[in-house]
Each structure stands twice: as structure tokens, then as C-alpha cells.
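Visitor: got a predicted structure plus its sequence, pasted below:
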Amino acid sequence: MQELLLSITHSAKQTMQAQAINAHNLANAGTEGFKAEIAYYSTQNATSTVSSTPDLSPGVVRTTGRNLDVSINGEGWIAVMAADGSEAYSRRGDLQLDAFGQLTNGAGQPIMGNNGPIALPPFGALEIGSDGTISILPLGQAPNTLAIVDRIKLVTLESGEVRRGEDGLVRMADGFAVEADASVGVFSGMLEGSNVNVVGEMVKMIDLARRFESEIKLMQSADENSASLAKILSIN
């Protein structure tokens, strides 16, 4: 009886883990470039556990007309600097400039260029080319004097060799940085949204909630049966 109770408890814990992944996906349904996490059951050391892998399928692309918004053309990733200073990768293209002229995405993560994080001098206008090249019109200059200042580092990743950290950024499994890929391009004035299927995730949430409720009832029944058995044995 004790083994049955432990088994049901373990199953309920797995359901809670899967529900946490599901809730995280739903919370980021409106996050630009967010990639959903797919939960699955795996066996490690003869013990079943819940693991997850990122869904790298593209999100819906919409037109914004904002010159600092970019979306990846096809496959590819934008290199960013993570909080620990390492290089990581994202599809988030809602770019912006901070008070120091540093180019970041909407999460505040610095965008990497040819020689590190991109920082721009004061300018009158800015354009981002299809290859990620950033050109600016220096202050006080004629409209035909656009100058190239840097290029967004764009890379290609092998889907089977990537992992996603708790910060939502994707990295190579070996932790090494990837070389820039000149074949990766971007669309300017467009944004890729989250690839979370809200309806599908809501269905999963309901299913997991029902499963957890059933497991709680099973634990209660197992506990009651154990108490009844103990009472019968004490009488005998």
C-alpha cells in the first residue's frame, strides 16, 4: 500500500511539473519571438521524470513599419549577450536603443554585432538591411550619406544541438558561440510573435488539472484503505 501511495505521489509531482511548463508557455504567449517548451516523460535511472525541449517552429510574423523591428527571414537566430556575459541566441526582434546608444531587444539583452555588443553614435536616421547591416545618417549630414556602422550577428543552429536556459535564450549544448552565417537574413519593419498555441495550451492545462485532481483522489483513497487495513489488523 505504501508503494502505491508513493507511486501516485510521484505521478502527481510529474503532473505539477508539466503544468508549470504549460503555465510558462501561456504566460509568454504575447512575448515577441518566444519559443514554447514541449514537455515529455523520460526515464532516468529507472525513474520516470518530466523533461522538456524547445519548440523551434516560427511564430506568426506581422508588419509594424517600425525601422527598429526585425524578423528572421526563414531559419536563423539573432546573437545576444546574456546576463552572465556569454553569447546566446533569440528570435526576438523588437530592437531599441538605451540611453548609451546600445542596441538591445525588448528584454534588454544587448544585440551582438561583428565585434561584440552593438553601440550606435547619435544619428538622424537608421536603416537595417536584409543582411542585418545597420546604416545610419550622421547628424548634420546630407540624406545620401548613410554610413554602415555594424551588422547584427545572425547565426544558424542545428535544432538537435540546442538547449534553452531559464532566461528563455537558446544556446548550443556545448556552450560555445556560433560563427555568423551570411546566408541568414532579416525583414525590417516586421516582428515575429510567440509560437505558443494558446488554445492548445489551454486544453493541456485543463487536461493536466483533471489529471492532478484524479491523482489527489487516488492518494486519499489509498490513504483511507491503508488506515482501514491497519485497523483490521489491529483487531485481529
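Guide: Here it is on my side, so go on.

Visitor: tell me the domain ranges of this protein?
Guide: Domain ranges of the chain: 2-29+197-235, 61-192, per automatic domain parsing.

Visitor: deepest in the core, which of the ones you listed is it.
Guide: Burial of the domains of the chain is given as mean neighbour count (mean count of other CB atoms under 10 Å); domain 61-192 ranks first at a mean of 16. Every residue, glycine included, has its C-beta placed from N, CA and C.

Visitor: start to end distance for it?
Guide: Terminal residues of domain 61-192 lie 4 Å apart, using CA to CA, to the nearest Å.

Visitor: helices and strands of the protein: which one bottoms out on pLDDT?
Guide: Ranked by mean pLDDT, DSSP states H and E, the weakest helix or strand in the chain is strand 37-44, scoring a mean of 76.

Visitor: closest to residue 51 out of the domains of the chain?
Guide: domain 2-29+197-235 (9.1 Å; CB to CB).

Visitor: so how far is that closest one off the chain centroid?
Guide: Offset of domain 2-29+197-235 from its chain centre (CA atoms, centre = their mean, to the nearest Å): 27 Å.

Visitor: got it, and stretch 138-155?
Guide: 30 Å.

Visitor: and for stretch 75-93?
Guide: The answer for stretch 75-93 is 11 Å, by CA atoms, centre = their mean.

Visitor: again with stretch 140-156
Guide: Using CA atoms, centre = their mean, the offset of stretch 140-156 from its chain centre is 29 Å.

Visitor: average pLDDT for that stretch, rounded please.
Guide: Summarised as a single mean, pLDDT over stretch 140-156 is 87.

Visitor: and the end-to-end length of that stretch?
Guide: 38 Å.

Visitor: would you list every one of the helices in this structure?
Guide: Taking DSSP state H, the helices of the chain run over residues 2-27, 198-235.

Visitor: can I get those in a markdown table with mean pLDDT and distance to residue 98?
Guide: What follows is the helices of the chain, written out as a markdown table (pLDDT from 0 to 100; distance: least, CB to CB, whole Å):
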| stretch | mean pLDDT | distance to residue 98 |
| --- | --- | --- |
| helix 2-27 | 82 | 25 |
| helix 198-235 | 79 | 32 |
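
Visitor: I'd like the ones you listed as CSV, with distance to residue 160 appended.
Guide: Shown next, in CSV, are these (distance: least, CB to CB, whole Å):
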stretch, distance to residue 160
helix 2-27, 20
helix 198-235, 23
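
Visitor: so what's the residue nearest to residue 92 when sequence neighbours are not counted up against?
Guide: Of all residues not flanking residue 92 in the chain, residue 33 sits nearest, at 3.5 Å (CB to CB, 6 or more residues apart in numbering). Residues near residue 33 by CB atoms under 8 Å, 6 or more residues apart in numbering: 59, 90-94, 191-194.
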